[in-house]
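Student: give me coordinates for this.
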Amino acid sequence: MTLRLNHTMSDAAGLVQFMSALGEIARGRHEPSVPPVWRRELLNARDPPRVTCTHREYEQVPDTKGTIIPLDDMAHRSFFFGPSEVAAIRSLIPQTDQRCSNFEVLTACLWRCRTIALQPDKDEEVRILCIVNARSKFDPPLPSGYYGNAFAFPVAVTTAGKLCDNPLGYALELVRKAKADVTEEYMHSVADLMVTKGRPHFTVVRSYLVSDVTRAGFGNIEFGWGKAVYGGPAKGGVGAIPGVASFYIPFKNAKGEEGLVIPVCLPSEAMERFQKELNSVLNNHIVQPSIIVSSL
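Tutor: Predicted structure coming up:
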């Protein structure tokens, strides 16, 4: 089955809760096991609003050099990252950074490879935005039945030259610091910024946005005919500006290996450079990354 989401209603966690409830009812329950909670006031702006954190993820950056990804001639490819691929990338980071998560390692690698592929000027600022589920950041946490939007877009900003010329550990540290920015105060500050700045869009120019849906639970939704072979977004680059976003989706490949499939959307020439750069990261361990070519 497919489903189209209006993101003003819920985030991925809320969508999975809704779909799970439908699945329970389809299998005979009279009501969902987790009652839905509306309570949007929990994330209202404060009165008076006060922006207490730095939010460079909402900076309005002019596209002076035409670097927003074009709408035509876009290539969609999906890359599988299993234990071998992740180990190959981890071999490139310092031993002191090995406690970082696979999400952080993959994000640093993909951000760097993607920037190299797009070939921006070295002095141009580039950004990585990591979607963070903030439900657990509140004290007390948001109710388990809350299905509205409760995520943030923490950002790391650097120049293309620094990102591409430094070792992978440089990008990794930026990603880790960005994720750590999300606190309860940060979330209140975002809500206040939305009110005072008129709900600005996140920065798109020279940005890359990644969202980890490995724990969302799409694959566990059951309507009565068995669990899904695949559960997650259909392709990368979705949204008003194609090419900006990628998703980390749990997947089992043809060999039975558990890992992630990550869809990437780039202009065709940039996609070829991206694949070449990614191969160079992995070639000490495997010949090339596993690729699932998508015609979507």
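Student: so which helix or strand takes in residue 279?
Tutor: Using DSSP states H and E, residue 279 falls within helix 268-282.
Student: report the central residue of the protein.
Tutor: For the chain, residue 211 is the residue whose C-alpha lies nearest the centre (CA atoms, centre = their mean; 1.6 Å).
Student: contact partners for the closest residue to that one other than its chain neighbours?
Tutor: Spatial nearest neighbour of residue 211, excluding adjacent residues (CB to CB, 6 or more residues apart in numbering): residue 131 at 4.2 Å. From N, CA and C alone the C-beta is placed, and that goes for glycine too. Under the criterion of CB atoms under 8 Å, 6 or more residues apart in numbering, the neighbours of residue 131 are 151-153, 209-212.
Student: out of those, which end up buried?
Tutor: Listed as buried from the contacts of residue 131 are 151-153, 209-212; burial here means 16 or more other CB atoms under 10 Å.
Student: export those as JSON lines, with columns for distance to residue 271 and pLDDT.
Tutor: Shown next, in JSON lines, are the buried ones among the contacts of residue 131 (distance: CB to CB, whole Å; pLDDT from 0 to 100):
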{"residue": "151", "distance to residue 271": "28", "pLDDT": "95"}
{"residue": "152", "distance to residue 271": "29", "pLDDT": "95"}
{"residue": "153", "distance to residue 271": "25", "pLDDT": "93"}
{"residue": "209", "distance to residue 271": "18", "pLDDT": "95"}
{"residue": "210", "distance to residue 271": "17", "pLDDT": "96"}
{"residue": "211", "distance to residue 271": "20", "pLDDT": "94"}
{"residue": "212", "distance to residue 271": "22", "pLDDT": "94"}
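Student: follow-up on the earlier one: for the residue nearest to residue 211, phi and psi?
Tutor: Main-chain dihedrals, residue 131, degrees, to the nearest 10: phi -70, psi 130.
Student: so what pLDDT did it get?
Tutor: Per-residue pLDDT puts residue 131 at 95.
Student: and residue 276, by the same measure?
Tutor: 95.
Student: check residue 77 too.
Tutor: We have a pLDDT of 93 for residue 77.
Student: return the distance of the helix or strand where it lies from the chain's centre.
Tutor: For residue 77, the host element (DSSP H and E) is strand 74-81. Put simply, strand 74-81 sits 15 Å off its chain's centre (CA atoms, centre = their mean, to the nearest Å).
Student: just to revisit the earlier point, residue 60: which of the buried ones among the contacts of residue 131 is nearest?
Tutor: Using CB to CB, the shortest approach to residue 60 within the buried ones among the contacts of residue 131 belongs to residue 153, at 14.4 Å.
Student: who's residue 250 bridged to?
Tutor: residue 260 (DSSP bridges).
Student: contacts only, for it.
Tutor: Going by CB under 8 Å, 6+ apart, residue 250 touches 213-214, 219, 231-232, 258-260.
Student: of the residues you listed, just the buried ones, PyMOL syntax please.
Tutor: Those of these that count as buried under 16+ other CB under 10 Å are selected in PyMOL with:
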select buried, resi 213+214+219+231+232+259+260
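Student: so can I have TSV of the contacts of residue 250 showing secondary structure, distance to residue 49 and pLDDT?
Tutor: As requested, the contacts of residue 250 are exported to TSV (DSSP: H, G, I helix; E, B strand; the rest coil; distance: CB to CB, whole Å; pLDDT from 0 to 100):
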residue	secondary structure	distance to residue 49	pLDDT
213	coil	31	92
214	coil	34	91
219	helix	39	85
231	coil	38	85
232	coil	35	83
258	strand	45	93
259	strand	43	95
260	strand	38	95
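Student: which ones are touching residue 65?
Tutor: For residue 65, the contact set (CB under 8 Å, 6+ apart) comprises 120-121, 124.
Student: from residue 161, how far out is it?
Tutor: Look at residue 65 and residue 161: by CB to CB, to the nearest Å, they are 14 Å apart.
Student: same for the longest helix anywhere in the chain, what does it pack against?
Tutor: Ranked by residue count, the top helix of the chain under DSSP state H comes out as helix 102-118. Here helix 102-118 touches helix 83-90, strand 125-130, helix 160-165, helix 168-180, strand 207-212, strand 245-252, strand 258-267, helix 268-282, going by 3 or more CB pairs under 8 Å, 6 or more residues apart in numbering; DSSP states H and E.
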